[in-house]
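**Student:** My questions are about this predicted structure, shown below with the sequence.
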Amino acid sequence: MKKLIALCLVLGSLFSFCACAPKSVLEADHDIYTVKGMSITLPEVFEEGSYPWVTTVYHTPEVTIFVLREVAADMTLPEYAQAVYEANAHRKPSAIAQVEGLTTMEYSFDDPAGKATVCYFSVMLEGPDAFWLIQFSCDEEDYETYRSYFIQWAKTVTFES
């Protein structure tokens, strides 16, 4: 449990690397991106990248999606969501909520460089052998435009058995 919370805390500090810009991502054709048994359908303009403490990251100049796979034995999805919430409490997230069948929380913060406020739509999912934290992020000024797409993209997540 301590390891899970530590990973969530580290993840929170990594999210400041997000960058956002124009709306071209909304006009792109879609493709399926797969990592470690999890697949998500996203506009094909996303590129896969890496950060040390996340499973993968997908990004465009407009949106960054951080994906973290965490194996947590003897834990339910609500317990995992609560652990993620507690690990990010310093960011003052919204209460854990069910949004269109997804377990979510939302928060924002000023990036360390002070250039923008970054907003996050966090989705916690349970796969067959791990929990997944998928963090969709963009600049605050674009958040209302992207929020419905974040939900749409999160609902495309599937897992291999």
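**Tutor:** Happy to help now that I have it. Numbering: from 1, shown residues only.
**Student:** Give me the distance between Thr41 and Thr104.
**Tutor:** From Thr41 over to Thr104 the distance is 18 Å, taken as Cβ to Cβ, to the nearest Å. (C-beta placed from N, C-alpha, C; glycine too.)
**Student:** Then Ser148?
**Tutor:** Distance, Ser148 to Thr104, using Cβ to Cβ: 13 Å.
**Student:** between the two, which one's more packed in?
**Tutor:** Comparing Ser148 with Thr104 by neighbour count (other Cβ atoms under 10 Å), the higher total belongs to Thr104, at 23 against 11.
**Student:** Can you show me the CA trace of stretch 38-50 as PDB?
**Tutor:** What follows is stretch 38-50, C-alpha atoms only, in PDB (Å, rounded to 0.1, in the frame of the first residue of the first chain):
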ATOM      1  CA  MET A  38      -4.500  -2.400 -22.100                       C
ATOM      2  CA  SER A  39      -5.800  -0.800 -25.300                       C
ATOM      3  CA  ILE A  40      -7.300   2.700 -25.800                       C
ATOM      4  CA  THR A  41      -8.600   4.300 -29.000                       C
ATOM      5  CA  LEU A  42      -7.300   7.800 -29.500                       C
ATOM      6  CA  PRO A  43      -6.800  10.200 -32.500                       C
ATOM      7  CA  GLU A  44      -3.900   8.900 -34.500                       C
ATOM      8  CA  VAL A  45      -1.900  12.100 -33.900                       C
ATOM      9  CA  PHE A  46      -0.900  10.900 -30.400                       C
ATOM     10  CA  GLU A  47       2.700   9.900 -30.000                       C
ATOM     11  CA  GLU A  48       3.900   7.500 -27.400                       C
ATOM     12  CA  GLY A  49       6.600   8.600 -25.000                       C
ATOM     13  CA  SER A  50       8.000   7.600 -21.700                       C
END
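**Student:** how distant is that stretch from the center of its chain?
**Tutor:** The chain centre lies 12 Å from the centre of stretch 38-50; the measure is Cα atoms, centre = their mean, to the nearest Å.
**Student:** Having no further points to raise, I will conclude here.
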